[in-house]
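Q: This is the structure alone, sequence omitted:
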């Protein structure tokens, strides 16, 4: 009988130790992850799961220089700016929120990307895409994520997890290109240039405060590039040159956003709210492409020959001979090479420090392969 008692005691002790170790592991979750809110410049596949959305990157040749070369939901030939910054600073690539295989453990391990092609700061932006996730909707989905993680880790550990995480908010161009600058939207006649930017800032401030209330303490808002110089805007102009009004609106948005972030950071304790501006370097790349190793900065690598604008890249499209030499992949979006340049500029400008130093680097996915017809 004494042996049986000892056996029962040992078994009970083992169960207790296993439970304590499990609690310790769960309670000391120290990995830093990203939560990304954005539009097609950051989307990694959410719109794939919006069956009625007209904003899609689900056909070849999207993703041709990423992984297996098949479309993956990114609106470019390779990586997004957020992919590259994360890779270079040791942050894991967050999966798309709408991916049905997403689990709580994966959220703890990699974070989440809520970005959606066609989405904007305003709910009304991108309405003609039928389905897209606005920033308000993305924040609503994030709120659900916080509840999931609280239920898994407990309130205290969950709060620490989110406070340590990095938050990226990268929207705004659709609010102009696919809203204010299009006369089919009521915002185009209800506001002027100044009052529309003010409307965006009022809305963005409310959204950032909600994110803060949900636990965001390390947050960066990315500014807009010279959106009047994307191929679509050039082809719609009478001269084929950049549309200066759109560029001035981007600069106004950036100036107002920077001021907003400075103001918020001063009022929110223990928070780092920064503004990431790469306008100048992108503008210089477009004006002086050869200086940066490009030979084309005014037309898309993927196009339907002389049929323009081709609003998306299609299997029937023709690809440029060397994708690494084009600043733009399609009518709207930068190429992998341009995204790398932008990411490197932001890393240099803001001194992003590496985190999760022991995390394995992702497999190389950005080698530019020859065009299919070569």
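A: Received it, and whenever you're ready, just let me know what you need. Just so it is clear, the model here is predicted, and its values are computed rather than measured. Residues are numbered from 1 along each chain as shown.
Q: Could you use CA atoms for every contact and neighbour count after this?
A: Fine.
Q: Might you list the low-confidence residue ranges for the stretch 151-300 of the chain?
A: Under the criterion pLDDT under 70, no range of the stretch 151-300 of the chain is flagged.
Q: just the helices in it please.
A: Counting by DSSP state H, counting those that start in this stretch, the segments of the stretch 151-300 of the chain that form helices are 155-164, 173-175, 187-190, 193-213, 231-236, 244-267, 279-287.
Q: Turn those helices into TSV, including distance to residue 136 and mean neighbour count.
A: Output for the helices of the stretch 151-300 of the chain, formatted as TSV (distance: least, CA to CA, whole Å; neighbours: other CA atoms under 10 Å):
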stretch	distance to residue 136	mean neighbour count
helix 155-164	19	18
helix 173-175	13	24
helix 187-190	18	14
helix 193-213	7	16
helix 231-236	27	21
helix 244-267	17	17
helix 279-287	25	17
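Q: Tabulate the ones you listed (JSON lines), appending distance to residue 327.
A: What follows is the helices of the stretch 151-300 of the chain, written out as JSON lines (distance: least, CA to CA, whole Å):
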{"stretch": "helix 155-164", "distance to residue 327": "34"}
{"stretch": "helix 173-175", "distance to residue 327": "18"}
{"stretch": "helix 187-190", "distance to residue 327": "29"}
{"stretch": "helix 193-213", "distance to residue 327": "27"}
{"stretch": "helix 231-236", "distance to residue 327": "10"}
{"stretch": "helix 244-267", "distance to residue 327": "17"}
{"stretch": "helix 279-287", "distance to residue 327": "7"}
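Q: And the ones you listed: which comes nearest residue 83?
A: Of all the helices of the stretch 151-300 of the chain, helix 279-287 sits nearest to residue 83, with 17.9 Å by CA to CA.
Q: Show me what that closest one is packed against.
A: Secondary structure elements in contact with helix 279-287, counted by 3 or more CA pairs under 8 Å, 6 or more residues apart in numbering; DSSP states H and E, are strand 296-300, helix 336-350.
Q: Who are the contact partners of the spatially most central residue of the chain?
A: For the chain, the residue nearest the mean C-alpha position is residue 42 (2.8 Å; CA atoms, centre = their mean). The contact partners of residue 42, taken as CA atoms under 8 Å, 6 or more residues apart in numbering, are 36, 74, 80, 81, 82, 115, 116, 170.
Q: The fourth one against residue 346, yeah?
A: So that's residue 81. No - if you go by CA atoms under 8 Å, residue 81 and residue 346 don't touch, sitting 9.4 Å apart.
Q: of the two, who's got more company?
A: When residue 81 and residue 346 are compared for neighbours, residue 81 comes out ahead with 22 against 19, by other CA atoms under 10 Å.
Q: buried ones in stretch 288-297?
A: For stretch 288-297, a neighbour-count test (16 or more other CA atoms under 10 Å) marks 289, 294, 295, 296, 297 as buried.
Q: What of stretch 341-357?
A: For stretch 341-357, by 16+ other CA under 10 Å, it's 341, 342, 343, 345, 346, 347, 355.
Q: Dump those residues into TSV; add pLDDT and distance to residue 237 as well.
A: Listed next are the buried residues of stretch 341-357 as TSV, based on pLDDT from 0 to 100; distance: CA to CA, whole Å:
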residue	pLDDT	distance to residue 237
341	95	27
342	95	26
343	95	29
345	91	29
346	90	30
347	92	34
355	71	44
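Q: can you redo these as a markdown table with distance to residue 313?
A: Converted to a markdown table, those look like this (distance: CA to CA, whole Å):
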| residue | distance to residue 313 |
| --- | --- |
| 341 | 22 |
| 342 | 22 |
| 343 | 23 |
| 345 | 27 |
| 346 | 28 |
| 347 | 30 |
| 355 | 36 |
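Q: List just the nearest of those to residue 109.
A: Relative to residue 109, the closest of the buried residues of stretch 341-357 is residue 355; by CA to CA it sits at 13.4 Å.
Q: With adjacent residues omitted, what lies nearest to that closest one?
A: Nearest in space to residue 355, with sequence neighbours left out and distances taken as CA to CA, 6 or more residues apart in numbering, is residue 90 at 5.2 Å.
Q: Same check on residue 258?
A: residue 275 (5.5 Å).
Q: What residues does residue 163 make contact with?
A: By CA under 8 Å, 6+ apart, the residues touching residue 163 are 215, 216, 217, 218.
Q: What's the separation between the nearest residue to residue 204 once chain neighbours are set aside and residue 188?
A: Leaving aside its chain neighbours, residue 204 sits nearest to residue 121 (6.6 Å; criterion: CA to CA, 6+ apart). Shown here: residue 121 relative to residue 188, a distance of 15 Å by CA to CA, to the nearest Å.
Q: And residue 37, by the same measure?
A: Residue 37 is 25 Å from residue 188, where distance means CA to CA.
Q: same thing with residue 83?
A: Residue 83 sits 34 Å away from residue 188, going by CA to CA.
Q: Kindly reformat the contacts of residue 42 as JSON lines containing distance to residue 312 and secondary structure.
A: Converted to JSON lines, these look like this (distance: CA to CA, whole Å; DSSP: H, G, I helix; E, B strand; the rest coil):
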{"residue": "36", "distance to residue 312": "24", "secondary structure": "strand"}
{"residue": "74", "distance to residue 312": "12", "secondary structure": "coil"}
{"residue": "80", "distance to residue 312": "17", "secondary structure": "coil"}
{"residue": "81", "distance to residue 312": "20", "secondary structure": "helix"}
{"residue": "82", "distance to residue 312": "22", "secondary structure": "helix"}
{"residue": "115", "distance to residue 312": "18", "secondary structure": "coil"}
{"residue": "116", "distance to residue 312": "16", "secondary structure": "coil"}
{"residue": "170", "distance to residue 312": "21", "secondary structure": "strand"}
